[in-house]
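**Q** Sequence and predicted structure, then a few things I'm wondering about:
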Amino acid sequence: MSNMGIEFKNVEKSFFRDDGSEQVILDKVNFKIPAGKTTVVAGGSGQGKSVTLKLILGLMRADGGQIFVGGNDITMARGRTLKELRTKFGVLFQGSALFDSMTVFENVALPLRERTKKTDNEIKTQVLASLDQLELLGHENKFPAQLSGGMRKRVGLARALQLEPEIMLFDEPTAGLDPVMTLEIYQLFAQLQEQVGYTSIIVSHDIPKVFNLADQVMYLNHGSMDVFPSPDAMQWSQKPHIREFVKTTMGEIYQSHLVEQ
Ligand SMILES: Nc1ncnc2c1ncn2[C@@H]1O[C@H](COP(=O)(O)OP(=O)(O)OP(=O)(O)O)[C@@H](O)[C@H]1O
Ligand SMILES: [Mg+2]
């Protein structure tokens, strides 16, 4: 199991709007993402969920505070150290980001060709085994345009898994998928997480579906991050914006005893 957790200590991040006013995304935020577990990040559109992932990856820099990945302070990391740290991550972004001119096989093989010294034969064996695991065998010579949305996600997932990541980041991994496929993707995540044991961070709007896999839930709103040790704990929160979120995503029934007070 991965022993790489993540910690934010007093992390600050702001942007400036076109009119020059400041937009605070993270206002001295503190949280821990436990190693080998699944953390779901929720919050309204534009609140900064994707920015938070970019900070974790070192693709964006915090204005203040510290971010630790596996105990290393990445806010101090530069160049090579940062590159080295990034090899620990598998990332699945919204559009799957496959290369349209490459086949399924070539897309999945890419990280192995670029980052390892494996032979063609070793690569072939590994890639075909992954495609088999993700039920993509028989489609290896197709191009992304010839795949369904769910298949594309699975190809993106296969590619993200090739370098045996310690941490997997998923940014709205089921966007554009139908409800059945969404469930299937989440079942696959649960299964893979159990097998590989990586630390998993999932940004998602699929509430409550994604809660089946969540160990910890975080909710980002107006610069502050609320952390709940379980989806259940979130349901009993007294904070107005959390209650509103729970009501609209999970139905009033969960908090009916609170509403009556
Ligand atoms: N490079 C940037 N420069 C300026 N503003 C930015 C930059 N990146 C993001 N933002 C702003 O930060 C805010 C948060 O963006 P982010 O993409 O993290 O939102 P999000 O929570 O992922 O939303 P969604 O659910 O719609 O994906 C947005 O208002 C966005 O305009
Ligand atoms: Mg986003």
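**A** That came through, no problem. Ligands and ions are numbered 1, 2, ... in the order given.
**Q** switch to C-alpha atoms for all contacts and neighbour counts from now on
**A** Fine.
**Q** What parts of this structure come near ligand 1?
**A** Applying C-alpha under 6 Å from any ligand atom, we find that the chain lies next to ligand 1 at 15, 44-51.
**Q** For stretch 54-69, what is the distance to the chain centroid?
**A** Centroid separation for stretch 54-69 versus its chain: 15 Å, with C-alpha atoms, centre = their mean, to the nearest Å.
**Q** quick one, helices of the stretch 51-200 of the chain?
**A** Under the criterion DSSP state H, counting those that start in this stretch, the stretch 51-200 of the chain contains helices at 79-86, 104-115, 120-133, 149-161, 179-196.
**Q** Would you write a ChimeraX line that selects the buried entries of the residues of the chain next to ligand 1?
**A** Burial among the residues of the chain next to ligand 1 is assessed by 16 or more other C-alpha atoms under 10 Å; the matching ChimeraX selection reads:
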select :47,48,49,50,51
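**Q** Which ones among the residues of the chain next to ligand 1 map onto strands?
**A** residue 15 (DSSP state E).
**Q** okay, among the residues of the chain next to ligand 1, which ones form the most distant pair?
**A** 15 and 44 (17.1 Å; C-alpha to C-alpha).
**Q** mind exporting stretch 227-242 as CSV, just the C-alpha atoms?
**A** Only the C-alpha atoms of stretch 227-242 are listed here, as CSV (Å, rounded to 0.1, in the frame of the first residue of the first chain):
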residue,chain,number,x,y,z
VAL,A,227,-12.9,18.0,6.0
PHE,A,228,-15.1,15.1,7.0
PRO,A,229,-13.7,11.7,8.1
SER,A,230,-16.5,9.9,6.2
PRO,A,231,-19.4,10.7,3.9
ASP,A,232,-21.7,10.0,6.9
ALA,A,233,-20.0,12.7,8.9
MET,A,234,-20.8,15.2,6.2
GLN,A,235,-24.5,14.3,6.4
TRP,A,236,-24.6,15.4,10.0
SER,A,237,-22.8,18.7,9.6
GLN,A,238,-24.5,21.7,11.0
LYS,A,239,-22.8,24.2,8.7
PRO,A,240,-25.4,25.9,6.5
HIS,A,241,-23.6,25.6,3.2
ILE,A,242,-22.8,21.9,3.9
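**Q** Can you pull out the residues in contact with it?
**A** The contact list for stretch 227-242, computed with C-alpha atoms under 8 Å, 6 or more residues apart in numbering, reads 31, 211, 214-219, 243, 246, 254-255.
**Q** can you check stretch 51-58 too?
**A** So stretch 51-58 is contacted by 60-62, 67, 69, 74-75, 82, 86, 89, 169 (C-alpha under 8 Å, 6+ apart).
**Q** Give me the buried entries from those residues.
**A** Using 16+ other C-alpha under 10 Å, the buried members of the contacts of stretch 51-58 are 61-62, 67, 69, 74-75, 82, 86, 89, 169.
**Q** Closest one of these to residue 224?
**A** residue 62 (14.7 Å).
**Q** Wait, the closest one touches residue 73, no?
**A** No - Residue 62 is beyond contact range of residue 73, at 11.8 Å (criterion: C-alpha atoms under 8 Å).
**Q** on that earlier part again, just name the most buried of the helices of the stretch 51-200 of the chain.
**A** Mean neighbours per residue, mean count of other C-alpha atoms under 10 Å, is largest over the helices of the stretch 51-200 of the chain for helix 149-161, with a mean of 23.
**Q** could I get it in PDB with only the CA atoms?
**A** Extracted in PDB, the C-alpha atoms of helix 149-161 (Å, rounded to 0.1, in the frame of the first residue of the first chain):
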ATOM      1  CA  GLY A 149     -16.700   7.700 -23.800                       C
ATOM      2  CA  GLY A 150     -16.300   5.100 -21.100                       C
ATOM      3  CA  MET A 151     -13.700   3.200 -23.100                       C
ATOM      4  CA  ARG A 152     -11.700   6.400 -23.500                       C
ATOM      5  CA  LYS A 153     -11.800   6.900 -19.700                       C
ATOM      6  CA  ARG A 154     -10.500   3.300 -19.300                       C
ATOM      7  CA  VAL A 155      -7.700   3.900 -21.800                       C
ATOM      8  CA  GLY A 156      -6.800   7.100 -19.900                       C
ATOM      9  CA  LEU A 157      -6.900   5.100 -16.600                       C
ATOM     10  CA  ALA A 158      -4.700   2.300 -18.100                       C
ATOM     11  CA  ARG A 159      -2.100   4.900 -19.200                       C
ATOM     12  CA  ALA A 160      -2.100   6.600 -15.800                       C
ATOM     13  CA  LEU A 161      -1.500   3.300 -14.100                       C
END
